[in-house]
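J.: Build me a structure from this.
(chains A and B)
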Amino acid sequence: MSTVTEAAEPASKVDLGTQGGGSGEIQSFDVTLKVRRYLPETSEESYWDEWTVTMYGTDRVLDALHKVKWEIDGTLSFRRSCAHGICGSDAMRINGRNRLACKTLLKDLDLSKPILVEPIKGLPVEKDLIVDMDPFFQSYREIMPFLINKGPEPTKERLQSQEDRARYDDTTKCILCAACTSSCPVFWTDGQYFGPAAIVNAHRFIFDSRDDAGDLRLEVLNDKEGVWRCRTTFNCSEACPRGIQVTKAIAEVKQAVLNRTF
Amino acid sequence: MSIATTAQAPAKSGRGTLYRGNEGMWSWVGHRITGVVIFFFLLVHVLDTALVRVSPEAYDAVIGTYQNPVMAVGEVGLVAAIVFHAFNGLRIILVDFWKGGTKYHKQMLWAVLILWVVTIAAFSIRHLSLAFGGH
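T.: Have a look, this model is predicted:
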């Protein structure tokens, strides 16, 4: 290290804020977590379990669940994989609304009351916050979520204009977390309903100019349990962690079915 | 990381919470409830109207029992249900068939509620003054 005074660093391009970094300066607070638990090995009944943990302003609901699982009660069960809002594993009902635990900051919630965490509705609960996703993925499979093109396979990529790509851009964002489908009052009472997620993923291919099987998918969805079950409650649009306009996509598929029929 | 305190007293009782949906969900709930109310009214209405085939006197006797204050208030409730169902039904049609419907569904719900309040206020004044204020 030289004793010569170094030239001053250029000003940072990133606004660091006046508070600076240091974890010690991040506010901490006590959070009461109330989790709807179901342990099929011990009881048929589900019940509320409650813990109070000290968390920081940068923590999410998932961090609070981790703290409980890792430090207090290892039997607490929930799904999570990437923990950064991409894999779609940790959809759960937080304070009565479907959210990803990894995208819900504790500081955005009302901490004067316990944070209520429940499994998503309409799918059979297997343990605590883990539900059986099979019915959800079965509907997803039925709409054929893959490109079907009857033409000869090109030697290069299948080109598409920017306008054609933009047509279905919104529905490409789906991460299959089931927050939309399990927020739908119709799906809660009628498990046969395809549900918003399957329709969103059908929309993604129906409106793709490179895909030739739009009619096939519209036929699948022009069913008693297809798009016509949608009652436009908009719960799905509100629940989607990716901000997909789900009800709008369903409305567009409804229109497509009608335009095809006549 | 700090030490966490545990409240290890699992509250065995208590059910899950109600899903906290927004405007769209509650308008749907209202639409369902008013729909069922209207269905039961129509059931009774078809029956009492059919009485005229039995005898006009029987019809008059049944309709006469409706002329009391309790029924007058009940009729305001019935009209409130029908008017909400009608206006919200138009909103649902617009959500399904108008391109901008899904974008403006909340604004349309407020419009429905304003129209509903105005209509019911006007109807209540007219109807209740006839029912209670003599003729």
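
J.: Just the mean pLDDT for the longest helix seen in chain B, thanks.
T.: Looking only at chain B and at elements set by DSSP state H, the helix with the highest residue count is helix B:23-54. The pLDDT scores in helix B:23-54 average 94.

J.: what distance separates the next helix or strand after that helix from the centre of its chain?
T.: As assigned by DSSP states H and E, the chain's next helix or strand after helix B:23-54 is helix B:56-65. Counting by Cα atoms, centre = their mean, to the nearest Å, helix B:56-65 is centred 28 Å from the centre of its parent chain.

J.: Ok, stretch B:128-135 next?
T.: 24 Å.

J.: what does stretch A:250-262 rub up against?
T.: A:196, A:199-200, A:202-203, A:206-207, A:214-215, A:218, A:221-222, A:227-228, A:230, A:232, A:236, B:95-97, B:101-102 (Cβ atoms under 8 Å, 6 or more residues apart in numbering or on different chains). Any C-beta I mention is one placed from the backbone N, CA and C, and that applies to glycine too.

J.: Mind doing that once more with 6 Å?
T.: A:I199, A:H203, A:L218, A:N222, A:V227, A:C230, B:T102 (Cβ atoms under 6 Å, 6 or more residues apart in numbering or on different chains).

J.: how many other residues sit next to B:L130?
T.: 11 (other Cβ atoms under 10 Å in any protein chain shown).

J.: Got the confidence number for it?
T.: So, for B:L130, pLDDT stands at 84.

J.: same check, this time on A:R204
T.: 97.

J.: What secondary structure category should be reported for it?
T.: Secondary structure, DSSP: H, G, I helix; E, B strand; the rest coil: A:R204 is helix.

J.: give me every residue that touches the residue of chain B found nearest chain A.
T.: In chain B, the residue that lies nearest chain A is B:G24 (3.0 Å; Cβ to the nearest Cβ). Applying Cβ under 6 Å, 6+ apart to B:G24 gives the contacts A:T233, A:F234.

J.: give me the number of residues near the residue lying closest to A:V35 once chain neighbours are set aside?
T.: Computed as Cβ to Cβ, 6 or more residues apart in numbering or on different chains, the closest residue to A:V35 that is not its neighbour in sequence is A:V117, at 4.7 Å. Using other Cβ under 10 Å, A:V117 has 26 neighbouring residues.

J.: and A:G243, what element?
T.: Using DSSP H and E, no helix or strand contains A:G243.

J.: looking only at pLDDT, what's the mean for the helix or strand that contains A:E50?
T.: Assessed by DSSP H and E, A:E50 sits inside strand A:47-56. Averaged across strand A:47-56, pLDDT comes to 95.

J.: residues of it that come out buried?
T.: Buried residues in strand A:47-56, counted by 16 or more other Cβ atoms under 10 Å in any protein chain shown: A:Y47, A:W48, A:D49, A:W51, A:T52, A:V53, A:T54, A:M55, A:Y56.

J.: swap in stretch A:165-185?
T.: Buried residues in stretch A:165-185 (16+ other Cβ under 10 Å): A:167-168, A:170-171, A:174-185.

J.: Among the residues you listed, which lie within helices?
T.: A:P185.

J.: Setting aside sequence neighbours, what's the nearest residue to A:D128?
T.: According to Cβ to Cβ, 6+ apart, the nearest residue to A:D128 is A:S77 (4.1 Å).

J.: Is the one you found part of a helix or strand, or is it coil?
T.: Per three-state DSSP, A:S77 ends up coil.

J.: mind listing what it touches?
T.: A:K127, A:D128, A:I130.

J.: nearest residue to the first one other than its sequence neighbours?
T.: Meaning A:K127. A:S77 (4.7 Å).
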